[in-house]
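**Student:** For reference, the sequence and a predicted model appear below.
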Amino acid sequence: MTTTISVNDVIDRRPIGLFQWSVFVLCGLAVFVDGFDTQAIGYVAPVLGKAWNLKPGALGPVFAAGLAGLALGAFFIAPLADRFGRKPIIIWSIVAFGILTLLTGFATDFTTLFVARLLTGLGLGAAMPNAITLTAEYSPQRWRATAVALLMCGFGLGAASGGAVAARLLVTSGWPTVFFTGGAATLVLVPFLIFLLPESVRFLTLLPGGEAKLARLMARIDPAIAPSARAHFTATREQAAAIHVRELFTDGRARTTILLWIIFFMNLLDLYLLASWLPTAIHSAGLSVSVAALATATLQIGGIIASFALGPLVDRFGATRVLPAIYVLGAVCIALIGFAGTSVTFTVAAVFGAGFAVVGAQNCNNGVATKSYPTEMRAIGVGWTNAVGRIGSIVGPTVAGIMLGLHTEIRNILIASAIPALIAGTAYLAMRTDKSAT
């Protein structure tokens, strides 16, 4: 007699075991190298610009290419996991951006660098969504949000670690070694993923002949299930409803949708502008490239700390009451970076504050977007909100590059960059009277 076993019930009723922790660690390492390789170009920009005698702002298109590739990877490659499985997409994506990051160190001209970052972005954009999904699938419902939040800290740690590595290598070995280090570290992870990372249990429930693999995986989560159990495994899934984007503007949702789009666009514009150009801005103020790299790393550290600090505040008082003040803090800190000059303490404090506000607020924004739509249109609502945000992430570094090319002072660019944070905060204030706002 064949029994029916729900993989969701098994995972939800059991405490998190060693096997699941290994999944979380492997996914965390995947996100860690993703963060390192994403941020690497920003750290090397000051040295690379001088080595190639580039005009101010000339690397703007390179930053935009990487972010455009990331968006394309997330939209077109990451969903292939529904057909081929999450594990192979994660592994091949990491192999791709690991090799391409390594090859970026051999770039000798602008065009090669542009293409390398565009293609690297494709792998970066495909790996993270599937690492997040795999982490969520192996997490009990009661711990799922926490597990994903902790996983996302891995990206910030990777980006911050890139600053520490770049601070040393840029002085002793040159800019290519930053990419060599990131690419090599990424590829070292691949064998561990091949042999230790499991496939998605939900994907295996749809795979013909997947029962044997599922039985072995479920036995590692619940010892009461025999590895050779002959059972029919099922998984609960949210069915994708046939929802059109225009429905995000019906039944009183238009205001919330527009305000969320403004918030995501402005926040990600600032976040990626800072991540891309801060090393250049700090170095141009008179500090060394190593100090600039370390100071920029505090942007991500501030965001990691904010992930733990802001969540409880938003849960207790609501995003529309907490986040406007956080965005004001972010705007002030962004502007103050331009006035820090050669003061390391002033610079680090201002960058940390900017990261606490901008990176920290983005983690809260994702939760607000999720809660702003009913279940049947949540996927399309959050998807379109993030899509608009990705446009902002490309616009920010590009506009800053254009302004630098026009010989605009770094201080004035940073003061102007405070404006998007204020707009995002104002949008949250406007949501207070919206009954669907959080």
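**Tutor:** Cool, the structure landed. Numbering: from 1, shown residues only.
**Student:** drop to CA atoms for contacts and neighbour counts, all remaining ones
**Tutor:** OK.
**Student:** residue boundaries of the helices in the stretch 201-350 of the chain?
**Tutor:** For the stretch 201-350 of the chain, the helices defined by DSSP state H, counting those that start in this stretch occupy 201-206, 211-221, 254-284, 289-317, 319-337, 344-371.
**Student:** The residue most central in space within the chain: which element?
**Tutor:** By C-alpha atoms, centre = their mean, the chain has its centre lying nearest to residue 155, at 6.3 Å. For residue 155, the host element (DSSP states H and E) is helix 144-172.
**Student:** I'd like the average pLDDT over that helix.
**Tutor:** Taken as a whole, helix 144-172 carries a mean pLDDT of 91.
**Student:** That helix packs against which elements?
**Tutor:** With contacts defined as 3 or more C-alpha pairs under 8 Å, 6 or more residues apart in numbering; DSSP states H and E, helix 144-172 has these neighbours: helix 18-51, helix 110-137, helix 176-196, helix 289-317.
**Student:** Not counting sequence-adjacent ones, nearest residue to residue 355?
**Tutor:** Nearest residue to residue 355, sequence neighbours excluded (C-alpha to C-alpha, 6 or more residues apart in numbering): residue 299, at 4.1 Å.
**Student:** just residue 168 next, same as before
**Tutor:** For residue 168, the closest residue by C-alpha to C-alpha, 6+ apart turns out to be residue 290, at 6.5 Å.
**Student:** Make sure the one you found is actually in contact with residue 165.
**Tutor:** No. The pair residue 290 and residue 165 fails to qualify as a contact (C-alpha atoms under 8 Å) at a distance of 9.2 Å.
**Student:** List the residues that contact residue 284.
**Tutor:** Residue 284 is in contact with no residue at all, counting by C-alpha atoms under 8 Å, 6 or more residues apart in numbering.
**Student:** What pLDDT is listed against it?
**Tutor:** On pLDDT, residue 284 comes in at 93.
**Student:** Kindly report the same for residue 222.
**Tutor:** Turning to residue 222, the model gives it a pLDDT of 90.
**Student:** distance of residue 90 from residue 361?
**Tutor:** Using C-alpha to C-alpha, to the nearest Å, we find residue 90 at a distance of 27 Å from residue 361.
**Student:** if we can go back for a sec, and the helix holding residue 155, how far from the chain's centre?
**Tutor:** Between the centre of helix 144-172 and the centre of its host chain there is 11 Å, according to C-alpha atoms, centre = their mean, to the nearest Å.
**Student:** I'd guessed residue 402 sits against residue 61; true?
**Tutor:** No. No contact is recorded between residue 402 and residue 61 when judged using C-alpha under 8 Å, the distance being 9.3 Å.
**Student:** and the helices and strands packed on helix 144-172 as TSV, adding mean neighbour count, mean pLDDT and distance to residue 170?
**Tutor:** Shown next, in TSV, are those (neighbours: other C-alpha atoms under 10 Å; pLDDT from 0 to 100; distance: least, C-alpha to C-alpha, whole Å):
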stretch	mean neighbour count	mean pLDDT	distance to residue 170
helix 18-51	22	96	7
helix 110-137	23	94	18
helix 176-196	18	97	7
helix 289-317	22	92	7
